[in-house]
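Please find the sequence and the predicted model below.
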Amino acid sequence: MNVELRNIHKHFGKVHANNDITLNIPAGVIQGILGENGAGKSTLMKVLSGYIHADSGEILLDGQPVRITAPADAIRCGVGMLHQDPLDFPPMRIIDNFILGQPGGLLPNRRQAEREFHELRTRFDFNINPDAYVDSLTVGERQQLEILRLLWLGARVLILDEPTTGISAAQKTKLFATLRILAEQGKTAIFVSHKLEDVEELCHRVAVLQRGRLVGEAAPPYVTDDLVRMMFGKGIKLADRAALSSGKCGLSVTDLSIEDVRLNLRHISLEVNCGEVIGLAGMEGSGQRQFLRVCGGLQRPVGGHLHLNGHDLTGKPYRNFLDAGVAYVPASRLEEGLIPGLTLTEHFILTGKQPGFFINRAAAQKRTEQGIEDFSIRGTPASQVERLSGGNQQRALLALQRSPLNLLLLEHPTRGLDIESSIWIWGKLKERCRQGTSIIFISADLDEILHYSDRVLVFFGGRVSEPLDAASTSVDQLGQLIGGKGF
Amino acid sequence: MKSFRWSTVGFQVLAVVLALAFTSLVLMIAGTPPLAAYANILNGAFNSMKSFADVAVAWIPLLIVTAGLLVTFSAGLWNIGIEGQIMVGAIFTTGALRLLQDSALPSALIIVAGFLAGMLGGALWAALAGLLKIYGGVNEIFGGLGLNFVATALALWLIFGPWKRPGVGSMSGTEPFPEALWLPLLPGTRLSGWSVAVGLVGIIVIYFLLQGTYFGLRLKAVGRNARAAFLLGIPTSMYGLLAFLICGALAGAAGAVQVTGVYHRLIPSISSGYGFLGLMVAMLVNYQAIWAVLVSLFFAALNIGSIQLPIVLKVDSSLAGVLQGALVLFFMLMDGVRRRFQPKS
C-alpha cells in the first residue's frame, strides 16, 4: 500500500515534535526512518497509526485521504504499528491476546484463530507457546506476538518502532527475512531505528529526522558518514576500550541454581572483580534475566551461594542487597523503573538521602538540576517522567542511581537509544567502574556486549558458557554460541 | 502555564453547572421548582448560627474521614471499608467509656481514653483489610466491603445483646452516657469546640504529611507505581499497611467524635454514611487537603440544609445525595473531557 504523509505538524507543549513532515512511501518498499532520541520518529509513527492526533496535516493511503483517529481506524485501513514497548495484556493468555483486536463477532472463532496462529508462527519460525501467559514472555517475544497479531488482522502497512533492539541476532535475521517477504508481496514496512547498520542492511530507502524536521532522504548505496551527519549534524566514533579490571573484591557466585517457569539454570559460578564489566549474551528468555534478578536479590536461587565483598547475601531479602550497594536498572522504564505522575525532582528526593522527616525541597531542586546537567536530560526538574522521551527516561533512570555502588545490574542499558546517547551512557558507566563498581548487564546488541564488557557469559536454553574474554572473542564466535553451537 | 490553569478551572465550573442542571432536571420531573429547593437548602444550612453549628456537627466527622482517605488514595488504595472502620472506632470508644465510666478517673481523661480506643479500633479494622490484601490477595475493595457488614452486625449484636438498655434493647442504641462524659458543647449549639479542633488538627497533619514529608512522597510513589517503588527500595507492603492504619485511626477518631460529641451512645447508624460521603469528597478534591476542608463543609451543608425540604417543599431530603453524586460524576466527566481536548504540556 502506498503511504503518503503531507505537512504533518505535532506539538507537545512547547516542543515541536513534528514540523511540517511530508513523506511518500510507495508500496512494496521497506522505508527506514532514522533519527536520534527525541527527533520525532515515534511521534510521526504514532500519528500514522492513530495512537496520537496530528495538529495538522494529511494522511493518504493509496492516494485516498483517510481520517485515522484511533488505532482501530488504522488497522481497518491496514496500518498496524509495533510499539517500542509492546502494548499487550500481561495477565492474559497469548492466544487470547492474539484474538483480542479482532473486529466484530460476539463469539470469537477460537479454533480457527488458533490454527491461523500456528500457521503464522510456523511461517516465521517464532517459538512462542499460545497457551502461556503474556507476562511470562520477554520483551522480544512480546514483539514477535505483536507482529503475528498485526499481520493476522490484515495489516498491509507495518510500522516497526525500534524492533531490533529487543531481540537476538537470530531473531533479527528472521525478522528481516519476514519483512523482505512482506515487501515482495506489495506490503509496506516502515522501519524506525537509530541503528545505522540495520537500516543500511534492510531498507530500500531512508528518511532522516532531526529535531522534528525531515532533514534528508537517502537510497542505497548508503554512505554511513552522510547518514550520521544528517542525524546529528556531526560525525561520531566509539570511545576506546580501557582495561580497568583490578583487585580481588566484588561479587562471587558459587554453584548457583535457579528455577523459573520454563527454565532451570544449574551450577553457575562466577567471580566478578571490582570495576569489571560482565556482559550477558543470549537469546531473549535464555535465563540472563533470571540470573541478573538473582544477583539483585529480586529472585531467590534454589541452590548455591552469593557473596558481595565477603558478605553472604544468599536468600536475603532485596533490602539487604540494597544496603550492600547493589542497584538494579530494569529494561521497562515506565513499568518498573520510574513512577509516572511524579516529577524528576520527586524522583531525586526518593532516591537520595532522606534526612529527618520533612522534605528539603531546595536541596532536592539543586540536586535535580545537577543531575539534569550531568546526564544531559532534556527536561526540567518539574517535568513528569512520562513526558520525557525514551532516551531521556533512560538517562534519568541512570542519573537516579546511588553513588557509590558496589554492583550495578542493568537490563538493556541502551535499548532504544541512539549511538551518541549510548556512547555517552557507557562513558558514565565506565566512570563508575573506575570508582570500583562492578557492572553486569544484559544486551541483545552483540557489538555493545563485546565492546564494553571485560568478560562475557553466553546463555542458551538454561545453559551458561564459561566466562569468555571479550577482547579475544569475535562477533561471529559470540553469535554461534548464542545460537547454541559450541556448548 | 497560566492559560492552562484557567481552562482547568473553566472545566470545573462547567462541571458544577452541569451537576446543578442535572439536579434541577430531577427536581422538575418531581414537580418541584429547583430554585426554591436550592434556596431552601442554603437557608436550612446558613440562616442562623444554630443551623450553621449543625452543619459543623456533620462537617467534622466528614472532614476527619476525608483526611484519612486522602492517605489511602495517595497509596493507590480504595478503602471502601471506611464505614466499618468508623463503626468499630465508635464501638471501641463506647467500650472504653463503659469500662471507665464508674471509675474514679477524671472525666476528661476518660474521654481521651475513649478517643484513643476509637482510633485503635478503627486502625485494627483497617489493618484487617490491609493484611487481607497483602497476605491473602484479597482486593481491599472486596475485603473492606465484607468487613463493613461484619462491623454493622457487631454493632447490632452489642446494642441488642451485651450492651442493651436496661429492660429491652432497641434501635435507639445503648444507654446514653452521663453528661460528664460528653464533649463540652458550645453554648446554644450541638457543636463541640473540641471536635472542631480534632478535625482541623487531623486535616492539617495529613496535609503536611502528604505535601512535605518523605513518608508522603514514598506513599505517592507506591500508589502510582508499586513495582518501580519497590525497586527504588521502598518497602511497598509496609507502606500500604501504614496507609490503612492511618486512615483507620482517623476513621476511628470520627467514630469517637460521633459517640462522645454527638450521640453520647452507640447507635446502629453511628457512621451516618460519612465514610462513603468521604470517599466522594476525596475523589472530588483529587489529593488536595486544602480543598477537602471546603468541599466537606459544602457536602455537610447540603446534608443539613436538605433536612427541612420534606416539610417545606415535600421533597425527600435525599436530594442532597443526588446533588453530591452528580457533582462527583460530572467532575470526573469534565476531567476526562479536559484531558481529551487540552493539549498536553
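That came through, no problem. All values reported here derive from a predicted model rather than from experimental measurement. Numbering: from 1, shown residues only, chains lettered A, B, ... in the order given.

quick one, strands of the stretch 201-345 of chain B?
Read by DSSP state E, counting those that start in this stretch, the stretch 201-345 of chain B holds no strands at all.

pLDDT weak spots in it?
B:342-345 (pLDDT under 70).

And for chain A?
Within chain A, the stretches with pLDDT under 70 are A:13-14, A:37, A:84-88, A:103-108, A:138-140, A:165-168, A:232-249, A:262, A:484-485, A:487.

Near chain B, which residues of it are found?
When proximity is defined by C-beta under 8 Å from any C-beta of the partner chain, chain A lies next to chain B at A:11-14, A:298, A:318-319, A:322, A:328, A:330, A:334-342, A:346, A:349-351, A:354, A:357-359, A:387, A:400. The way it works is simple: take the backbone N, C-alpha and C, and place the C-beta from them, glycine included.

Name only those of the residues you listed that count as buried.
Among the residues of chain A next to chain B, those classed as buried by 16 or more other C-beta atoms under 10 Å in any protein chain shown are A:11-12, A:298, A:318, A:322, A:328, A:330, A:334, A:336-339, A:342, A:346, A:349-351, A:354, A:359, A:387, A:400.

separation between A:Y452 and B:A155?
A:Y452 sits 66 Å away from B:A155, going by C-beta to C-beta, to the nearest Å.

Check A:A39 too.
Taking C-beta to C-beta, one finds A:A39 at 64 Å from B:A155.

Next: A:M230.
From A:M230 to B:A155 the distance is 74 Å (C-beta to C-beta).

higher neighbour count, the two?
Set side by side, A:M230 and B:A155 show more neighbours around B:A155, with 25 against 19, by other C-beta atoms under 10 Å in any protein chain shown.

Backbone dihedrals for whatever residue of the stretch 151-300 of chain A ends up closest to chain B, please?
Of all residues in the stretch 151-300 of chain A, the one sitting closest to chain B is A:L298 (7.8 Å; C-beta to the nearest C-beta). Note on A:L298: its backbone torsions stand at phi -90, psi -10 [degrees, to the nearest 10].

do A:L82 as well
Dihedral angles for A:L82 - degrees, to the nearest 10 - are phi -100, psi 110.

okay but it is in contact with A:L150, surely?
Yes. Counting by C-beta atoms under 8 Å, A:L82 does reach A:L150; the two are 6.6 Å apart.

Counting neighbours around each, name which of those two comes out higher.
Between A:L82 and A:L150, A:L82 has the larger neighbour count (other C-beta under 10 Å), namely 24 against 21.

Phi and psi next, for the residue nearest to the spatial centre of chain A.
Chain A has A:R415 as the residue nearest its centroid, 3.6 Å off, counting by C-alpha atoms, centre = their mean. Backbone torsions of A:R415, given as degrees, to the nearest 10, read phi -60, psi 130.

same check, this time on A:L410
Per degrees, to the nearest 10, the backbone of A:L410 is at phi -130, psi 130.

Counting neighbours, what do you get for it?
Neighbours of A:L410 (other C-beta under 10 Å): 24.

Tell me who's in contact with it.
A:L410 makes contact with A:329, A:429, A:439-442, according to C-beta atoms under 8 Å, 6 or more residues apart in numbering or on different chains.

Format these as CSV; extra columns: secondary structure.
As requested, the contacts of A:L410 are arranged in CSV below (DSSP: H, G, I helix; E, B strand; the rest coil):
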residue, secondary structure
A:V329, strand
A:L429, helix
A:I439, strand
A:I440, strand
A:F441, strand
A:I442, strand
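
mind listing the helices for the stretch 251-400 of chain A?
A:288-295, A:318-323, A:344-351, A:361-374, A:390-399 (DSSP state H, counting those that start in this stretch).

Same list (the ones you listed) but as CSV, adding distance to B:M119.
Shown next, in CSV, are the helices of the stretch 251-400 of chain A (distance: least, C-beta to C-beta, whole Å):
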stretch, distance to B:M119
helix A:288-295, 41
helix A:318-323, 30
helix A:344-351, 29
helix A:361-374, 31
helix A:390-399, 40
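
So which of those is nearest B:G325?
Nearest to B:G325, of all the helices of the stretch 251-400 of chain A, is helix A:344-351, at 33.4 Å by C-beta to C-beta.

residues in contact with the closest one?
By C-beta under 8 Å, 6+ apart, helix A:344-351 touches A:338-339, A:342, A:359, A:361, A:364-365, A:367-368, A:371-372, A:377, A:379-383, A:385, A:396, A:400-402, B:214, B:217-218, B:220-221, B:229, B:232-234.

May I see the buried residues of stretch A:472-483?
A:473, A:477-479, A:481-483.

residue contacts, the closest residue to A:I30 other than its chain neighbours?
Of all residues not flanking A:I30 in the chain, A:A189 sits nearest, at 4.6 Å (C-beta to C-beta, 6 or more residues apart in numbering or on different chains). A:A189 makes contact with A:29-31, A:157-160, A:179, A:182-183 under the criterion C-beta under 8 Å, 6+ apart.

re the thing from before, weed out the non-buried ones from the contacts of helix A:344-351.
Counted by 16+ other C-beta under 10 Å, the contacts of helix A:344-351 give A:338-339, A:342, A:359, A:364, A:367-368, A:371-372, A:377, A:379, A:381, A:383, A:385, A:396, A:400-401, B:214, B:217-218, B:220-221, B:229, B:232-234 as buried.

For B:L209, see how far away whichever residue of the stretch 51-200 of chain B sits closest to chain A is.
Nearest residue of the stretch 51-200 of chain B to chain A, counting by C-beta to the nearest C-beta: B:G76, 10.5 Å away. Counting by C-beta to C-beta, the separation of B:G76 from B:L209 is 16 Å.

Same question for A:P90.
Taken as C-beta to C-beta, the span from A:P90 to B:L209 is 33 Å.

which ones are touching B:G130?
B:140, B:240-241, B:243-245.

In helices, which of those fall?
Counting by DSSP state H, the contacts of B:G130 place B:140, B:240-241, B:243-245 in helices.

most surrounded residue in those?
B:F244 (30 neighbours).

didn't it look like it was pressed against B:A127?
Yes. Between B:F244 and B:A127 there is a contact under C-beta under 8 Å: 6.0 Å.

who in chain B is up against chain A?
Going by C-beta under 8 Å from any C-beta, the residues of chain B near chain A are B:208, B:212-215, B:217-218, B:220-221, B:224-225, B:227-235, B:343-345.

could you say which helix or strand contains the residue lying closest to B:V205 once chain neighbours are set aside?
In space, B:V205 comes closest to B:A67 once its chain neighbours are excluded; the distance is 7.8 Å by C-beta to C-beta, 6+ apart. Following DSSP states H and E, one finds B:A67 within helix B:49-74.

helices or strands next to that helix in the packing?
Secondary-structure packing of helix B:49-74 (3 or more C-beta pairs under 8 Å, 6 or more residues apart in numbering or on different chains; DSSP states H and E): helix B:34-46, helix B:82-100, helix B:193-212, helix B:214-224, helix B:236-257, helix B:274-285, helix B:289-305.

need those in JSON lines with distance to A:V206, can you?
Output for the helices and strands packed on helix B:49-74, formatted as JSON lines (distance: least, C-beta to C-beta, whole Å):
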{"stretch": "helix B:34-46", "distance to A:V206": "65"}
{"stretch": "helix B:82-100", "distance to A:V206": "59"}
{"stretch": "helix B:193-212", "distance to A:V206": "50"}
{"stretch": "helix B:214-224", "distance to A:V206": "39"}
{"stretch": "helix B:236-257", "distance to A:V206": "45"}
{"stretch": "helix B:274-285", "distance to A:V206": "50"}
{"stretch": "helix B:289-305", "distance to A:V206": "53"}
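
how many neighbours does the closest residue to A:D469 other than its chain neighbours have?
In space, and not counting its chain neighbours, A:D469 is closest to A:R455: 6.1 Å by C-beta to C-beta, 6+ apart. For A:R455, the neighbour count with other C-beta under 10 Å is 20.

and A:R455, what are its bridge partners?
Bridge pairing for A:R455 (DSSP bridges) gives the partners A:I278, A:D469.

residues in contact with it?
With contact taken as C-beta under 8 Å, 6+ apart, A:R455 is in contact with A:276-279, A:467-470.
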